[in-house]
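Asks: compute the structure for the input listed below.
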Amino acid sequence: MKFSRLPHSNLFLAFLCIMYTSSATKTAAMDIGTFLWISDVHLDDYYGTSNGEVHKHGAPCQNNGSDLPYYSAYGCGTSHGLLESAIDSVSQVIEKGEVPKPDFIMFTGDSTRHDTQDVKLHGFNSSKASISYVVNEAMSTVYNGLEQRFPDVSIVALPSLDLGNNDLLGDYLLNVTSDAPCLAIENGSDGPILPNATNPWLIHVADRFKHLFVDDEEYAVFACGGYMNRRLHGGLRLISLNTMVWSLRHEPIVPNGTDPFGEHSWLRVQLEAAKSQGDKVYLTGHVPPMLQSYQGTIGKPLWRNDHIARFFDAVAAYSDTVAGLFFAHVHSNELRAVPGLPEDSPPMLITGSLSPCYTTTPFYSFVSYDRGETKFPVDLVTYNLNLEVHNASTPADRNPWERLFPSLTSFLGMSSLTNRETKLLAARLAAKASRIGAPDGNDAFEKYFQTWYKGIPQTCDALCRKQEACLMNCGSTASAWDSCVNGENGNEDDGSSCSLLPIATRDRRLSSASSGTNLRNSMAMAEP
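Replies: Numbers count the residues shown, from 1 in each chain. Model (predicted):
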């Protein structure tokens, strides 16, 4: 997709024009803010040594000297060169005016490389001590690196702690030591009574990164349950969830129906408090409440069914309070319609990884959102680094990162970033052609699945397209997804019935979306 190039002095205006007129239905001007979103760094401090993580057979992760790719390689964890390049790129695009200065930074877990148990270090009396050292060093590099690079950003705007499955003493390993919600109890002038922490690893992480907490209450709640509720600004709260204990792969296994660390109960209390004060909430976490889209395990649930049901029940009960859902883990950029939220609410956003270990290009994104009443995310831009191109030359002072598109909604032909438009996009993904009169081939599928999804073209036939489309529209539970893929009639009452939008509806809406896209593109056609 080609765009006429504008001087950098005009890029900021282009960004505003394209990203902030995403919805043709919006009649009032929004107060638009921006935040930076990075995830799944999987920093490998041992890249280029015999301890280097080799995630794909034959990857050059343990090479040395001139045979070691500077920006890492497909099948490897993140090198220090790649991480530093990403943070440098973020600074450069802000300084050059390509994007506005972000209001805050979001990080959704997995600072640490995979297979920490395979790192062989001298001087440690146990594998547990060795793993703890590897995790501590990776998390310190990522969080402290962001803090040092953005010294003028207040602590409340720095990333809240979010533990991924690799940020533990074993993959998905976190002992559930309590089922009590980690609540601070008001105690008059003496200040709140803080919850008791019982899990040694959560206490350790909270103590090590105590300087990143806003106050004692935030610190105590995280040490108790691995989650937190942070007030950002202007009536917006960010709730960082401990999704490890809700994951299907969590160990040790706890019985169905239990509430590890009382998190579901705690979440309801936070949402009720936000609603009573007129605040809006972003729900964030590492592992998303959805089915896997990777073709090797497509349709596999990432959360246990009992936790999925309880979570989306809470989201639906507070649909006027929940303003956005942001998750990561799967190393791909994705949109998912959210069950229980209105059609004009935003979809769940899944961000791609910085790490190329699963053969994806490194990513980071800037999300634009309404600072006003809704706090909804309204659009985003994604930057990536082409490893094959830039590893072939000596790293230079220039920024090797490239913006994939002017804005996601314009790129995908969406009139707005909403549940409704996401469902329409899903119907387009499954179709042979993406719009009326389109040439053979699927423009929507090419842009979403072959470009933005992982940054590298994927092999996907007609059945695969249907499966991926149904994941976008119905991908929260296996029963709903099966109903969509196989055309079976499920039970609408229990959410097991789901299908793609009919073609007639899709075509009528696409005509409107197309005209909105043409309007946006005529206002600014910039390629950074």
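
Asks: could I have the CA atoms of stretch 372-390 written out in PDB?
Replies: Extracted in PDB, the C-alpha atoms of stretch 372-390 (Å, rounded to 0.1, in the frame of the first residue of the first chain):
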ATOM      1  CA  GLY A 372     -13.400  12.700  27.300                       C
ATOM      2  CA  GLU A 373     -16.500  10.900  28.400                       C
ATOM      3  CA  THR A 374     -16.100   7.400  27.000                       C
ATOM      4  CA  LYS A 375     -12.300   6.800  27.400                       C
ATOM      5  CA  PHE A 376     -12.700   4.400  24.400                       C
ATOM      6  CA  PRO A 377      -9.700   3.500  22.300                       C
ATOM      7  CA  VAL A 378     -10.400   4.900  18.900                       C
ATOM      8  CA  ASP A 379      -7.500   3.900  16.700                       C
ATOM      9  CA  LEU A 380      -3.900   2.800  16.700                       C
ATOM     10  CA  VAL A 381      -0.700   2.700  14.700                       C
ATOM     11  CA  THR A 382       1.800  -0.200  14.800                       C
ATOM     12  CA  TYR A 383       5.500  -0.100  14.100                       C
ATOM     13  CA  ASN A 384       7.600  -3.100  13.200                       C
ATOM     14  CA  LEU A 385      11.100  -4.000  12.300                       C
ATOM     15  CA  ASN A 386      11.900  -6.200   9.300                       C
ATOM     16  CA  LEU A 387      14.700  -8.500  10.600                       C
ATOM     17  CA  GLU A 388      15.700  -9.900   7.200                       C
ATOM     18  CA  VAL A 389      16.300  -6.400   5.900                       C
ATOM     19  CA  HIS A 390      17.900  -4.700   8.800                       C
END
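
Asks: would you mark the buried spots in it?
Replies: Across stretch 372-390, burial judged by 16 or more other CB atoms under 10 Å covers 374-387, 390. Bear in mind the C-beta positions are built from the backbone N, C-alpha and C, glycine included.

Asks: same check on stretch 193-210?
Replies: Buried residues in stretch 193-210 (16+ other CB under 10 Å): 194-195, 197-199, 201-202, 205-206, 208-209.

Asks: was I right to think residue 87 contacts residue 148?
Replies: No - Residue 87 is not in contact with residue 148 according to CB atoms under 8 Å; the separation is 9.3 Å.

Asks: the more surrounded of these two?
Replies: Each of residue 87 and residue 148 has its neighbours counted (other CB atoms under 10 Å); residue 87 has more, 19 against 9.

Asks: can you confirm that one is in a helix?
Replies: Yes - checked against DSSP: H, G, I helix; E, B strand; the rest coil, residue 87 lies within a helix.

Asks: who's in contact with the nearest residue to it once chain neighbours are set aside?
Replies: Distance criterion CB to CB, 6 or more residues apart in numbering; nearest residue to residue 87, sequence neighbours excluded, is residue 149 at 5.1 Å. Residue 149 sits next to 87, 90-91 when contact means CB atoms under 8 Å, 6 or more residues apart in numbering.

Asks: got the residues you listed as a markdown table, with distance to residue 465 and pLDDT columns?
Replies: As requested, those are exported to a markdown table (distance: CB to CB, whole Å; pLDDT from 0 to 100):
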| residue | distance to residue 465 | pLDDT |
| --- | --- | --- |
| 87 | 36 | 95 |
| 90 | 34 | 95 |
| 91 | 39 | 93 |
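
Asks: so where does residue 427 fall, helix or strand?
Replies: For residue 427, the host element (DSSP states H and E) is helix 419-430.

Asks: what of residue 37?
Replies: With DSSP H and E as criterion, residue 37 is part of strand 32-38.

Asks: returning to that earlier point: the buried residues of stretch 193-210 in helices, which ones?
Replies: Secondary structure from DSSP state H places 201-202, 205-206, 208 of those in helices.

Asks: which of those residues sits closest to residue 237?
Replies: residue 206 (19.7 Å; CB to CB).

Asks: just give the closest residue to the closest one, not the sequence neighbours.
Replies: Per CB to CB, 6+ apart, closest to residue 206 is residue 223, 3.7 Å.

Asks: where does the one you found sit: helix, strand or coil?
Replies: Residue 223 is classified as helix under three-state DSSP.

Asks: need the contact list for it.
Replies: The contact partners of residue 223, by CB under 8 Å, 6+ apart, come to 197, 202-203, 205-207.

Asks: hmm, try it at 6 Å
Replies: Shown in contact with residue 223 (CB atoms under 6 Å, 6 or more residues apart in numbering): 197, 202-203, 206.

Asks: contacts for the strand holding residue 37?
Replies: Contacts of strand 32-38 (CB under 6 Å, 6+ apart): 20, 100, 102-107, 351, 364-369, 371.
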